[in-house]
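Peer 1: Quick one: sequence and predicted model below, then my questions.
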Amino acid sequence: MSKTTAVSKVDLTKIMPYGDTMNDGQVQMSFTLPVPDGDEAWEAARQLARKMGLDEPNVVYHRDLGIGYTYMIVYGKCTHSVDYTKIHVTKVESNVMDRMECIKYMEDHFNRPVVVVGASTGTDAHTVGIDAIMNMKGFHGHFGLERYTGMTAINMGSQVPNEELIAKAIELKADAILVSQTVTQKDVHITNLTNMVELCEAEGIRDKILLLCGGPRISHELAQELGFDAGFGPETYADHVASYILQELVERKRV
Amino acid sequence: MTSKLNLDKKVIDSARNHARSIAESMQSFIDEHTTVSTERTVLRLLGVDGVDDVERPLPNVLVDEIKDAGGLPRGVAYWIGNAIRKTGKSPQEIAEAVARGELDVTKLDQGSVEDARKAIEPYVDESLAKIRKQTETRNNYLETIGEGRRPYLYVIVATGNIYEDVNQAEAAARQGADIIAVIRTTGQSLLDYVPYGATTEGFGGTYATQENFRIMRERLDKVGEEVGRYIRLCNYSSGLCMPEIAAMGALERLDVMLNDALYGILFRDINMQRTIVDQFMSRVIIGYSGIIFNSGEDNYLTTDDAIEAAHTVLASQLMNEQFAVLANIPEENMGLGHAFEMDPATEDGFLYELAQAQMAREVFPKASLKYMPPTKFMTGNIFRGHLQDALFNLVAVWTGQSLQLLGMLTEAIHTPHLHDRMLAIENAKYIFNNCRHIGDEVEYKKGGIIQTRAQKVLKDANELLAQIEKDGLFATIEAGKFAAVKRPFNGGKGLDGVCTKDDMYFNPFIEKMLGGVK
């Protein structure tokens, strides 16, 4: 009779990918190599995987893409580990309140409307991000800032020059500016966001206003590096943005 | 075709009649106005091309000069016709002389309209012959090498570099794509000129230039001949240069062009007067050239809710159809748009999508319906995304959609990688083939979820159109009825490029392309 062994326990100082057994290191990936489908292409993929630190690389699927390039799905066992106990991530530090809590919070702390202006600026034509945060309807069941009683939320849409967004913020004496960036090809968003910070400084409003950015490739850390107060990435909604703005305004005594 | 949805033909007719009356009421506004872009289009069709010493396109140089001299209301056809008569130069030579500062066409002796017409006519006829030649070439290809089966597999390339684009397009064609769209660089829609020459720098897309069109056309013809299937080329006749790009597309044999009467107003904040006038000339060119236009109703559902706003899509399709009728576009070339954009968490959402796609097919039986993939609820979970795209493909083959813009599993992450497109084509081919005749086999339950849904959307669209007919289209847009976006009559970009025509105005291309009607 075999004795039941416990599942091996995770060592948080050395974590690695989990496939179906602790520390098996299983990684799945896919990529294209610009060479014709065949033994040499598969071997090239295996060698590349080894250089990425994957043991026993296995090309499980390959396909010619029509112009002498090959698509491959590759599995391998990762040989590296990281120390989870030493990880530090910069996060937006505020309690996330839902819409009703935010409204209550505004009633309790502000005797004026909180003004937020936002846009997808630069050449970016995508409104999906700024709409999800600001428009009445919101996204995934999270109503947008326009539906927050006590808040004046102005969504200026897409392809708004940074200068126009700033001018609107000054005109309305806004408490916060939201900049949405969806297109990130060739890091165009970095250039545009940097420009935004520089313009705010040139206009002398950088210290008087909360400057926030958001988008699928934005992290809080990146936002802070670029000189923003906060950044909001995927899976953040109006609740997160509003909670941050309100608590930060109270913190900074701008009520 | 008997209605599988039990749609009331009287309601369809009523909705279509409202839409016709809306389009016709706009036509009187259109007939009274012209725009800088419409006039630049006339110049492009007359063969004016190239740039001056500071890279300004010659059509802009000439139109700006005429406009500054107060001559825009008469139209460039008059000024060029008159200049041809007085100088003996060709339109291109005139434009070059103006660019060098050697000639001012508004300062010449002004002859009669009849004389100007006569002088310009050979150039007009030459241009129309060039376009007809392209149509013949297309027809010849379709007769000899043939084409893919519908729904056409439609994919996008967007590298920013035309020379990289052609490689990606060739790969997609070899994998089975039937239509290649070169998405434009972000921001081009707001340029009030068309850049010149081959371009290699763009963000999220590649500049639409006549040379880029030519380079891509050449490669697609070559690949099409090799794979034994005509590969259609698509670009965007939209933004501030909508009609100019249509002209370039006609001259370089594009097959499909995005062209929507309302899109620029709603989503690019282009002035509504400007867009409505520009879309007319664009569509006349598109109609004459045998190009399929694609309208952009799918976009409404990215900003508005796909269930609540479904009727706005149908209402807009009906208006786009009637605008197209006025521009002489046959129903077969109407690529009316709609989309699979409901929240995947919706119970029975697939049934609603099926109902709406079937409804579009029944309301527009001969149209080349353009069906757009899920984008709004794509999450970065590429595995679920691939499934969402599969359901989208299933609805398409089931309801007989015509142009299937393939969904990418990496939507919401990045512009497609080379293999993303292969996976999308593989997905569509598998489902189209595996379910080819499902639409012929399956009927819908009388009074069931699918029938009830389609009937409701049709009824709501009819009511909305009745209201728009009463309020007027401009007022409806001002009130934010489409895509929940409000735009003012005198706001937005490009208004200063609109003017009222004077009584000597003529546009020989619109007249001849419509066969002397307008």
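Peer 2: Structure's in. What do you need? Numbers count the residues shown, from 1 in each chain, chains lettered A, B, ... in the order given.

Peer 1: tell me the contacts of B:Ala171?
Peer 2: Neighbour list for B:Ala171: A:Leu65, A:Gly66, A:Ile67, A:Tyr69, B:Leu418, B:Arg421, B:Met422 [criterion: C-beta atoms under 8 Å, 6 or more residues apart in numbering or on different chains]. Every C-beta, even on glycine, is put in place using the N, C-alpha and C of the backbone.

Peer 1: so which helix or strand takes in it?
Peer 2: helix B:162-175 (DSSP states H and E).

Peer 1: Does the helix or strand of chain B with the lowest mean pLDDT pack against any helices or strands, and if so which?
Peer 2: The helix or strand of chain B with the poorest confidence is helix B:300-303; it has a mean of 79 (mean pLDDT, DSSP states H and E). Counting contacts by 3 or more C-beta pairs under 8 Å, 6 or more residues apart in numbering or on different chains; DSSP states H and E, helix B:300-303 packs against helix A:128-134, helix B:310-326.

Peer 1: Least reliable of those by average pLDDT, please.
Peer 2: Looking at the helices and strands packed on helix B:300-303, the lowest mean pLDDT belongs to helix A:128-134 (a mean of 88).

Peer 1: what packs against it?
Peer 2: strand A:114-121, strand A:151-160, strand A:176-180, strand A:210-214, helix A:238-251, helix B:300-303.

Peer 1: What is the neighbour count of residue 241?
Peer 2: Picking chain A for this. With neighbours defined by other C-beta atoms under 10 Å in any protein chain shown, the count for A:Val241 comes to 28.

Peer 1: Chain B, not that one
Peer 2: B:Cys241: 32 surrounding residues under other C-beta under 10 Å.

Peer 1: so who does it touch?
Peer 2: B:Ser37, B:Arg40, B:Leu191, B:Asp192, B:Tyr193, B:Val194.

Peer 1: and these, which are buried?
Peer 2: B:Ser37, B:Arg40, B:Asp192, B:Tyr193, B:Val194 (16 or more other C-beta atoms under 10 Å in any protein chain shown).

Peer 1: Between the helices and strands packed on helix B:300-303, which one is closest to A:Asn111.
Peer 2: Among the helices and strands packed on helix B:300-303, helix A:128-134 comes nearest to A:Asn111, with 23.5 Å by C-beta to C-beta.

Peer 1: closest to A:Glu40 out of the helices and strands packed on helix A:128-134?
Peer 2: Nearest of the helices and strands packed on helix A:128-134 to A:Glu40, taken as C-beta to C-beta: helix B:300-303 at 43.9 Å.

Peer 1: what distance separates that closest one from the middle of the whole chain?
Peer 2: 18 Å (C-alpha atoms, centre = their mean, to the nearest Å).

Peer 1: among the helices and strands packed on helix A:128-134, which is the most enclosed?
Peer 2: strand A:176-180 (a mean of 28; mean count of other C-beta atoms under 10 Å in any protein chain shown).

Peer 1: what's that one packed up against?
Peer 2: By 3+ C-beta pairs under 8 Å, 6+ apart, strand A:176-180 packs against strand A:114-121, helix A:128-134, helix A:162-171, helix A:188-202, strand A:210-214, helix A:238-251.

Peer 1: which bits of the stretch 401-518 of chain B sit near chain A?
Peer 2: Listed as neighbours of chain A in the stretch 401-518 of chain B under the rule C-beta under 8 Å from any C-beta of the partner chain: B:Ala412, B:Ile413, B:His414, B:Thr415, B:His417, B:Leu418, B:His419, B:Met422, B:Ala484, B:Val485.
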